[in-house]
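1. got a sequence here, can you model it:
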Amino acid sequence: MLAVDVMPDPTRSVAWKRAALAVEARLRALTGQAPERVDPFEIRRCYPNRSWIEAAWRGTIRFSDGADRRIDVIVSRHFPVTPARTALVDHPPAMTWPHVESDGVLCLLPNLAEVDPDDPAAVAENLLHRSIRLIEELLEGTIIERDFREEFLTYWAYRLTGSRPIVSLVEPGPPSRPVRVWSGKDFDVVGEDEAALGRWLRNRFGPKCKTSSEPAVFAWLAAPPVPADYPETGAALREWLGRDAPEAAELLDAQVKAQPKMQRVLIGAAGRGGPGLVAVEIANPKTWRSRARPVHEPVSKGFRPAATPDKLVKTRFLGEFPVERLAVQRADPLWIHGRGRDPRSAILLGKKAVLFGCGSVGAPIAIMLAQAGIGHLVLVDPQNLAWPNIGRHPLGAGSVGSNKAIALAEQLQRDFPHLRIEGICGEAQFLLDDDELGLAEADLVIAATGSWAADSAINHWHLAHGRPMPVLYGWTEAHACAGHAVVVGAAGGCLQCGLDNTGTPAFRVVDWPDGGNANLEEPACGAHYQPYGPVELGHVTAMIADAALGTLLAPVPLSVHEMTAAPMDRVAALGGRWSEAWHPFAAPGTDQRVTARRDWAVRDCRACTRATEDSEAA
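-> Alright, predicted model coming up:
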């Protein structure tokens with residue numbers, strides 16, 4: 001055993017030393033031998049690319065094949081908060097075994113695994129047992145090919161030879177097919193066709209973006225690759241595709257006939273966690289360079305470029321020159337919204353919602369709906385953003401003076417280029433019958449206007465047209481102490497069934513001493529406001545957005561009313577108290593945020609009466 005004593009180092013904390021001694025004692029008890037404290041020089045020799053390793057203990061284990069193998073337990077300076085890891089010192093060459101990195105460090109725990117920092121000895125014992133079990137399974141051999149295939153993205157990443165990112169918009173599934181690739185300054189984007197690729201690029205970078213693209217190949221494999229498949233040359237790539245994806249190999253042959261400057265192949269397969277994508281890039285041999293060799297002869301050497309025999313072009317282009325193996329970043333809609341595993345994503349991508357009102361309530365809702373993946377959003381607002389708005393509005397100083405709906409739509413369209421997001425400046429009551437809104441195709445209309453004139457107009461439009469889709473009305477009470485979401489469905493009460501003739505709700509969560517007039521006034525005529533911010537408002541906008549998603553996924557047959565209330569202590573601090581109507585819904589105590597649901601009942605309101613009269617007259 002080496003006599004290097006790592007414990008007296010004064011730069012290490014008391015907790016580190018205590019944890020190290022506990023691990024050392026546990027390893028001695030487990031192995032029946034004093035673990036070797038690995039010399040710092042040996043640590044640097046074995047793990048030259050892991051500068052974080054502070055100390056290591058080494059033990060020898062005899063395995064089922066009769067061989068003795070050394071295993072290191074390695075820790076960082078942040079141990080025991082950061083857990084120990086293990087490494088197989090006597091490891092085979094890189095990429096021989098899965099879960100064994102090139103320097104022998106073992107991948108045993110998932111990224112999100114949590115360990116007990118107060119019992120580092122138990123953690124180290126658990127890791128050592130896991131390490132022994134993994135090595136025995138690898139010696140037995142049945143998991144090697146399986147795990148290389150199921151986690152192929154990880155092992156492909158270990159063998160990358162190029163660093164240029166490729167962003168994929170394509171649907172990762174069969175069949176193999178031609179696709180298009182756009183080359184930007186810093187990365188490439190692959191799309192299904194020119195139209196889809198161009199639309200995404202213009203949404204992301206603006207209408208002036210140049211969208212010219214080139215042919216590429218998408219190869220779908222029935223089984224993910226193993227390291228032996230990873231191509232080193234164009235010839236190896238052609239052989240691999242010819243064996244495992246013959247349709248893609250034929251496409252590749254056809255595309256290289258044009259002798260492109262660069263040929264890209266996107267490769268997909270389904271691993272354990274779903275489909276994954278990798279890529280290979282083949283440079284035209286004419287442009288291939290290395291330190292040892294000059295520019296190679298053109299593919300068409302000996303012939304006029306257009307007259308070079310196809311077989312010769314393929315042989316020369318897909319020859320012995322190296323290819324670049326690249327990683328792929330998926331940006332297709334189903335991956336962005338749910339990592340391809342949320343069945344709701346496909347439904348929401350096919351939905352259209354029209355949102356009236358892009359102020360402090362409507363704008364956060366619009367952002368949440370875009371993040372949820374609503375395929376088509378139309379945002380409507382008549383006002384421009386002003387300086388006092390930006391304290392509780394997602395838009396900032398750069399949008400002051402711009403129309404709220406248009407500026408928000410432009411921002412969201414850049415951020416979510418796979419969606420369709422439109423912004424329209426105008427009053428709801430003047431736009432309802434305008435074809436520009438496309439209300440006939442809407443799956444949901446959302447009113448977050450804060451205006452009785454606008455909400456009333458939307459309600460009358462909805463009734464007059466026979467309630468063709470649900471309409472969701474959202475609003476806040478004073479100081480954002482409570483919020484409401486009323487979904488008016490195909491049957492049940494209309495909006496005005498729960499409001500008086502001036503738009504005051506019959507149901508209030510909070511009563512105020514001044515009767516609910518909590519507005520403050522600027523030193524200007526008619527300029528009123530309430531001093532609350534986005535934090536206080538968050539529970540309201542989240543509830544309204546949740547109601548919108550729920551309605552899009554499962555439309556309600558009868559009108560329903562959802563409510564949310566801030567904790568009572570906040571309400572009381574502002575001088576309010578629960579209303580009598582709210583008491584049956586309120587939870588006991590003062591520190592709970594409460595949500596509730598009730599029917600939005602039909603009553604003999606003017607809007608319903610008018611709609612009935614108009615229908616009978618027609």
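2. show the pLDDT at Lys311.
-> On pLDDT, Lys311 comes in at 71.
3. name the SS class of it, please.
-> At Lys311, secondary structure determined by DSSP: H, G, I helix; E, B strand; the rest coil is helix.
4. that one: what's it in contact with?
-> Contact partners of Lys311, counting by C-beta atoms under 8 Å, 6 or more residues apart in numbering, are absent. Any C-beta I mention is one placed from the backbone N, CA and C, and that applies to glycine too.
5. gap between it and Glu410?
-> Here Lys311 is placed at a distance of 52 Å from Glu410 (C-beta to C-beta, to the nearest Å).
6. equivalent analysis for Arg149, please.
-> Counting by C-beta to C-beta - Arg149 and Glu410 are separated by 44 Å.
7. so which helix or strand takes in Thr60?
-> Thr60 belongs to strand 53-62 when elements are defined using DSSP states H and E.
8. that strand pairs with which strands, parallel or anti?
-> With DSSP bridges as the test, strand 53-62 is paired with strand 36-37 (antiparallel), strand 68-76 (antiparallel).
9. surely Met543 touches Ala485?
-> Yes. Contact between Met543 and Ala485 holds when scored by C-beta atoms under 8 Å: they sit 5.8 Å apart.
10. so for these two, which residue has more residues nearby?
-> The neighbour comparison of Met543 against Ala485 (other C-beta atoms under 10 Å) goes to Ala485, with 27 against 19.
11. verify the stated contact: the more buried one with Ala547.
-> Yes. With contact defined as C-beta under 8 Å, Ala485 and Ala547 form a contacting pair (4.1 Å).
12. so what's in contact with Met543 and Ala485 at the same time?
-> Counting by C-beta under 8 Å, 6+ apart, the residues touching both Met543 and Ala485 are Glu562.
13. residues touching the spatially most central residue of the chain, list them.
-> In the chain, the residue lying closest to the centroid (C-alpha atoms, centre = their mean) is Ile336, at 4.3 Å. Contacts for Ile336 were tallied using C-beta under 8 Å, 6+ apart; they are Gly373, Phe416, His418.
14. what stretches of the chain score poorly on pLDDT?
-> 1-8, 10, 111-112, 287-310, 312-313, 515-530, 588-591, 615-616, 618 (pLDDT under 70).
15. what's the domain layout of it?
-> Following automatic domain parsing, one gets these domains for the chain: 14-140, 157-331, 344-566+595-617.
16. Ala409: neighbour count?
-> Burial measure for Ala409: 25 neighbouring residues, criterion other C-beta under 10 Å.
17. for it, helix, strand, or coil?
-> Following three-state DSSP, the label given to Ala409 is helix.
18. my guess is it contacts Ile421. True?
-> Yes. Distance between Ala409 and Ile421: 4.9 Å, which falls inside the contact criterion (C-beta under 8 Å).
19. need the overlap of contacts for those two.
-> Going by C-beta under 8 Å, 6+ apart, residues that sit against Ala409 and also against Ile421 are Leu377, Leu379.
20. any idea which helix or strand carries the residue lying closest to Trp220 once chain neighbours are set aside?
-> Take Trp220 and drop its neighbours on the chain: the residue closest to it by C-beta to C-beta, 6 or more residues apart in numbering is Pro174, 4.4 Å away. With elements taken from DSSP H and E, nothing contains Pro174; it lies in neither a helix nor a strand.
21. separation between Pro174 and Asn501?
-> 60 Å.
22. of these two, give the one with the bigger neighbour count.
-> Set Pro174 next to Asn501 and count neighbours by other C-beta under 10 Å: Pro174 wins out with 15 against 11.
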